[in-house]
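Novice: structure for this input, please:
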Amino acid sequence: MTRGIGLYVHIPFCASRCPYCDFATAPATSALRGRYLAALAEEMLREGRALGRPRVRTLYVGGGTPSLLEPPEVASLAEALRRAFDLRPREVTVEANPATLDRARLAAWRDVGVTRLSLGVQSFSAHGLRALGRTHQPEDSAAAVAAARDAGFDVNLDLIFGWPGQTEDDWRADLRSAIALAPDHASCYPLELRLDPEEAVANWPGGGWRVLERWRRDALDGQPDERVVAGMYRQAERQLGMAGYRHYEIANWARPGKRSLHNLGYWRDREWLGVGAGAHSHLAGVRSANPTSLTEYLGKIHTGGARVIDTGADAPGEAAMLALRLDSGLDLPRYTARFGTAAAARVRRAIDEVAPARLLRITGDRVRLTAKGRLLANEVFIRLLA
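Specialist: This next block holds a predicted model:
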């Protein structure tokens with residue numbers, strides 16, 4: 001642990017559930033909120049002791065909507081972090097809903113050491129936000145960016161394309177609006193709708209999975225076809241590239257020096273600890289996760305239970321897949337030294353299989369996705385994990 005770790009802290013609470021979201025979330029008014037935050041502090045203290053109070057190199061507070069926490073809750077979280085870890089991060093990111101920011105909350109996060117705010121804008125159009133089931137308004141996003149700048153934070157904007165009824169003109173307008181706000185970083189994700197039941201649905205009252213599934217099936221019917229969605233992705237590459245953003249990862253663009261250091265740790269297959277409901281960890285080559293149900297998570301902390309080990313993890317395949325997501329690609333000699341000749345041979349077979357489709361480019365010892373490969377990356381990845 002001498003190099004330190006990345007630390008992910010999950011705050012599941014949201015004002016309302018976005019129907020497309022498949023992360024562990026729960027109502028902000030949950031009676032379990034106080035118990036959850038106490039359990040989170042206990043988990044951090046326990047894990048910090050077990051790991052020898054490691055240095056935290058990057059910290060990411062995600063959700064859910066962490067920006068919903070009240071200033072005293074933020075201060076309590078910060079104290080728990082400092083007790084459990086050697087907290088000297090190069091970067092601290094917190095996720096926020098554009099409608100949940102005020103000066104007191106921003107000041108509280110600044111006192112934690114936050115350097116970067118990731119805003120879930122998703123769309124700048126009223127009908128886009130309605131189609132996605134979002135509760136904020138288009139004008140909230142510009143106000144949130146201005147408030148974050150006043151607080152001294154770098155800003156990332158999350159955008160979703162391919163939502164029901166979206167046209168290519170709608171997407172071009174969203175990109176123009178995003179660029180006009182001059183964020184340091186932008187993430188653009190196609191709308192993907194899981195149709196298998198989710199454990200986290202148990203955290204929410206109401207109709208449960210059947211209501212959520214119905215919304216997703218209706219949304220799926222209204223989505224643009226694959227050709228249009230592919231064109232939207234290319235449009236993002238063009239517009240963001242012309243505005244000076246480097247396309248450094250399949251879904252992420254950054255101004256010079258503004259890449260997400262925490263997320264780079266994931267893509268470079270480094271070590272990170274995830275705490276909170278549904279959080280995943282990668283330590284000493286082992287992948288593990290916490291339960292996504294709040295009651296199950298609280299029970300685990302109360303009994304001192306361990307995270308669930310992912311016994312089916314394919315470390316060599318996942319490391320190759322993650323590396324190829326980056327514009328720097330996969331360093332074959334380094335990969336071979338780490339995982340051995342058998343793993344490298346599997347990578348070579350995958351390269352040969354997709355060679356006719358020109359999804360990969362080999363330059364010296366490095367393999368990278370081509371522009372076409374970024375669109376069809378799953379065709380490469382399924383072969384690396386086969």
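
Novice: which parts of the stretch 151-300 of the chain are strands?
Specialist: 154-161, 185-190, 246-249, 252-254, 272-275, 280-283, 286-289 (DSSP state E, counting those that start in this stretch).

Novice: distance to Asp218, mean neighbour count and mean pLDDT added to those strands, as TSV?
Specialist: In this view, the C-beta of every residue, glycine as well, is placed from N, C-alpha and C. TSV is the format used below for those (distance: least, C-beta to C-beta, whole Å; neighbours: other C-beta atoms under 10 Å; pLDDT from 0 to 100):
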stretch	distance to Asp218	mean neighbour count	mean pLDDT
strand 154-161	17	23	98
strand 185-190	18	21	98
strand 246-249	31	18	98
strand 252-254	30	24	98
strand 272-275	33	24	98
strand 280-283	30	20	97
strand 286-289	30	16	96
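
Novice: and Pro12, which of those is closest to it?
Specialist: Proximity to Pro12 (C-beta to C-beta) singles out strand 272-275 among the strands of the stretch 151-300 of the chain, at 11.9 Å.

Novice: so what touches the closest one?
Specialist: 5-10, 40, 43-44, 47, 51, 265-266, 280-283, 289-290 (C-beta atoms under 8 Å, 6 or more residues apart in numbering).

Novice: where does pLDDT dip in the stretch 101-250 of the chain?
Specialist: By pLDDT under 70, the stretch 101-250 of the chain has no low-scoring segment.

Novice: out of the strands of the stretch 151-300 of the chain, nearest to Thr58?
Specialist: strand 272-275 (8.2 Å).

Novice: go through the strands of the stretch 151-300 of the chain and name the closest to Ala26.
Specialist: Closest among these, using C-beta to C-beta: strand 272-275, at 15.8 Å.

Novice: and that closest one, how far from the chain's centre?
Specialist: 13 Å (C-alpha atoms, centre = their mean, to the nearest Å).

Novice: re earlier: can you pick out the ones from the contacts of strand 272-275 that are in helices?
Specialist: Counting by DSSP state H, the part of those found in helices is Leu40, Glu43, Met44, Glu47, Gly265, Tyr266.

Novice: mind putting the residues you listed in a markdown table, pLDDT, neighbour count and distance to Gly340 included?
Specialist: Output for these, formatted as a markdown table (pLDDT from 0 to 100; neighbours: other C-beta atoms under 10 Å; distance: C-beta to C-beta, whole Å):
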| residue | pLDDT | neighbour count | distance to Gly340 |
| --- | --- | --- | --- |
| Leu40 | 98 | 25 | 38 |
| Glu43 | 98 | 22 | 35 |
| Met44 | 98 | 22 | 35 |
| Glu47 | 97 | 21 | 30 |
| Gly265 | 97 | 22 | 23 |
| Tyr266 | 97 | 18 | 23 |
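
Novice: from those residues, which is closest to Thr58?
Specialist: Gly265 (6.1 Å).

Novice: quick one: the closest one and Leu384, what's the gap?
Specialist: 20 Å (C-beta to C-beta, to the nearest Å).

Novice: one more: Pro190?
Specialist: On the measure of C-beta to C-beta, Pro190 and Leu384 end up 21 Å apart.

Novice: could you chop the protein up by domain?
Specialist: 5-267, 314-386 (automatic domain parsing).

Novice: how about Asp314: what's its closest non-neighbour residue?
Specialist: Once flanking residues are discounted, Asp314 sits nearest to Leu385: 5.7 Å by C-beta to C-beta, 6 or more residues apart in numbering.

Novice: for Leu129, see how far away that neighbour is.
Specialist: Relative to Leu129, and taking C-beta to C-beta, Leu385 is found at 35 Å.

Novice: contacts for the helix or strand hosting Val61?
Specialist: Using DSSP states H and E, Val61 maps to strand 55-63. With C-beta under 8 Å, 6+ apart as the test, strand 55-63 has contacts from 1, 3-14, 23, 25, 77, 81, 85-95, 113-114, 118, 261-263, 265.

Novice: switch the cut-off to 6 Å
Specialist: 4, 6-9, 11-12, 85-95, 261-262 (C-beta atoms under 6 Å, 6 or more residues apart in numbering).

Novice: neighbouring strands - and their directions - for it?
Specialist: Strand pairing for strand 55-63, using DSSP bridges, gives strand 5-11 (parallel), strand 86-96 (parallel).

Novice: circling back to that earlier point, which stretch among the domains of the chain comes nearest Glu296?
Specialist: Once those are compared by C-beta to C-beta, domain 5-267 is nearest, at 8.0 Å.

Novice: ends of that closest one, what's the gap?
Specialist: 14 Å (C-alpha to C-alpha, to the nearest Å).

Novice: run the chain-centre distance for that domain.
Specialist: That offset, for domain 5-267, works out to 7 Å (C-alpha atoms, centre = their mean).

Novice: ok, Cys18 touching Gly133?
Specialist: Yes. If you go by C-beta atoms under 6 Å, Cys18 and Gly133 touch, sitting 5.3 Å apart.

Novice: re earlier: between Leu385 and Leu129, which is the more surrounded one?
Specialist: It is Leu129, of Leu385 and Leu129, that has more neighbours when counted by other C-beta atoms under 10 Å, with 20 against 14.

Novice: residues in contact with that one?
Specialist: Counting by C-beta under 6 Å, 6+ apart, Leu129 has contacts Ser123.

Novice: go again with 7 Å.
Specialist: Gln122, Ser123, His136, Pro138 (C-beta atoms under 7 Å, 6 or more residues apart in numbering).

Novice: for Gly133, same thing?
Specialist: With C-beta under 7 Å, 6+ apart, Gly133 has these contacts: Cys18, Pro19.

Novice: how much space separates it from Ala200?
Specialist: 16 Å.

Novice: kindly report the same for Ile160.
Specialist: 19 Å.

Novice: ditto for Ile301
Specialist: 17 Å.
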